[in-house]
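**Student:** Next come a sequence and a model predicted from it.
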Amino acid sequence: VESLDEKRPVRHPQALWRAIGDETLLLRLDTGRSSVLNKVGAQVWELVDGERKVSDIVDAIDEIYEVDRPQLTKDVAAFIQGLLDREMISLQ
Amino acid sequence: VGGGVAVTDFVRPLVSDSSLDDRLNDALLSLVQQALSEHGWIRLHLRGDSMWPTIPAGNLVEVERVVPDAVRPGDIVLSQRAGALVAHRVVQRARENGEELLVTKGDNCSSSDKLLAPASVIGRVSTIYRGDDAVAERAGRSARSWAAFWLWRWRIRSSLDRAGRLLPRGVQWPLIRVRNSIGACLSHGFRLAFLR
């Protein structure tokens, strides 16, 4: 989990997305896999731009929500891993 | 609705607000239209058994962009019905009040859908994936024979239905049994011949 901190996640070029209120629908053009991100997941997705590191994303979310920092770091890393497993993003 | 496009939730708790499903379907439709417009194709998982055995539930299919005039009976087309995306086969072109419409039906459904305007067709299934194998839906002798089979099955059953409506109510049931038996036998035999 810690090894992700310095990585820069980038959206997969075949991933399409659409905001649905606070949530976001993701769809892979080539695999047909789809996912629905909840409000926090959608905010993280907006921050996945290939420029920000995972630690930067944690900082940005930390500014929005008053949460326990170690728990937030763990949750964001798990979420990023989930996106990786679903091939919606890659790491640079 | 059978033949609908599957969406897999993964980070969202179970939906408590039923209106969200409509919004989800609208978002999915929007993404599919964007993909077909920009890329000309998209792959989708279909849920439901309405297109079985042609497309078993959960199967991946590739949908291509298509102009309405190019849609032919036998094609499997993607359209929006009751808010959801549905892939069903065109079995006939029909005219109603001077307007040309499409009759669509799931291969595994006993009745056809509501008439569909050709302009409402979002895309056409071009490939069906069975495991690692890609089966061209619209090319090759096997695919054409398969589509022809479903068209003729529809025509025979429709003709028997029309004939049945002309008979007195008391003698309709033998015809209905013949109709259902023909459908079941043809489906089973053809499936054995063409599907692994």
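**Tutor:** Alright, I've got the coordinates.

**Student:** Let me see the contact set for residue 56.
**Tutor:** This is for chain A. Contacts of A:Asp56 were listed using C-beta atoms under 8 Å, 6 or more residues apart in numbering or on different chains, and they are A:Leu47. No exception for glycine: its C-beta is placed from N, CA and C like everyone else's.

**Student:** Please refer instead to chain B.
**Tutor:** B:Pro56 sits in contact with B:Asp49, where contact means C-beta under 8 Å, 6+ apart.

**Student:** Convert the C-alpha atoms of the helix ranked longest in chain A to PDB, please.
**Tutor:** Ranked by residue count under DSSP state H, the longest helix found in chain A is helix A:69-85. Once non-C-alpha atoms are left out, helix A:69-85 reads as follows in PDB (Å, rounded to 0.1, in the frame of the first residue of the first chain):
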ATOM      1  CA  ARG A  69      -5.200  10.700   8.000                       C
ATOM      2  CA  PRO A  70      -3.700   7.200   8.200                       C
ATOM      3  CA  GLN A  71      -7.100   5.700   7.500                       C
ATOM      4  CA  LEU A  72      -7.600   8.100   4.600                       C
ATOM      5  CA  THR A  73      -4.200   7.100   3.100                       C
ATOM      6  CA  LYS A  74      -5.200   3.500   3.400                       C
ATOM      7  CA  ASP A  75      -8.600   4.000   1.900                       C
ATOM      8  CA  VAL A  76      -7.300   6.000  -1.100                       C
ATOM      9  CA  ALA A  77      -4.600   3.400  -1.800                       C
ATOM     10  CA  ALA A  78      -7.200   0.600  -1.700                       C
ATOM     11  CA  PHE A  79      -9.400   2.600  -4.000                       C
ATOM     12  CA  ILE A  80      -6.500   3.200  -6.400                       C
ATOM     13  CA  GLN A  81      -5.700  -0.500  -6.300                       C
ATOM     14  CA  GLY A  82      -9.300  -1.200  -7.100                       C
ATOM     15  CA  LEU A  83      -9.200   1.000 -10.200                       C
ATOM     16  CA  LEU A  84      -5.900  -0.700 -11.200                       C
ATOM     17  CA  ASP A  85      -7.500  -4.200 -10.800                       C
END
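
**Student:** Can you classify the closest residue to B:Lys105 other than its chain neighbours by secondary structure?
**Tutor:** Nearest in space to B:Lys105, with sequence neighbours left out and distances taken as C-beta to C-beta, 6 or more residues apart in numbering or on different chains, is B:Ser112 at 4.3 Å. Put simply, B:Ser112 is coil when judged by DSSP: H, G, I helix; E, B strand; the rest coil.

**Student:** Relative to B:Arg155, how far out is B:Ser112?
**Tutor:** Plainly put, B:Ser112 is 12 Å away from B:Arg155 if you go by C-beta to C-beta, to the nearest Å.

**Student:** now do B:Pro73
**Tutor:** Distance check for B:Pro73 against B:Arg155: by C-beta to C-beta, it reads 10 Å.

**Student:** What lies in contact with stretch B:169-179?
**Tutor:** Contacts of stretch B:169-179 from elsewhere in the structure, counted by C-beta under 8 Å, 6+ apart, are B:Arg157, B:Leu160, B:Asp161, B:Ala163, B:Gly164, B:Leu167.

**Student:** Give the closest residue to the most far-flung residue of chain A relative to its centre in space, chain neighbours not counted.
**Tutor:** Of all residues in chain A, the one whose C-alpha sits farthest from the chain's mean C-alpha position, using C-alpha atoms, centre = their mean, is A:Asp30 at 19.8 Å. Once flanking residues are discounted, A:Asp30 sits nearest to A:Gln14: 4.8 Å by C-beta to C-beta, 6+ apart.
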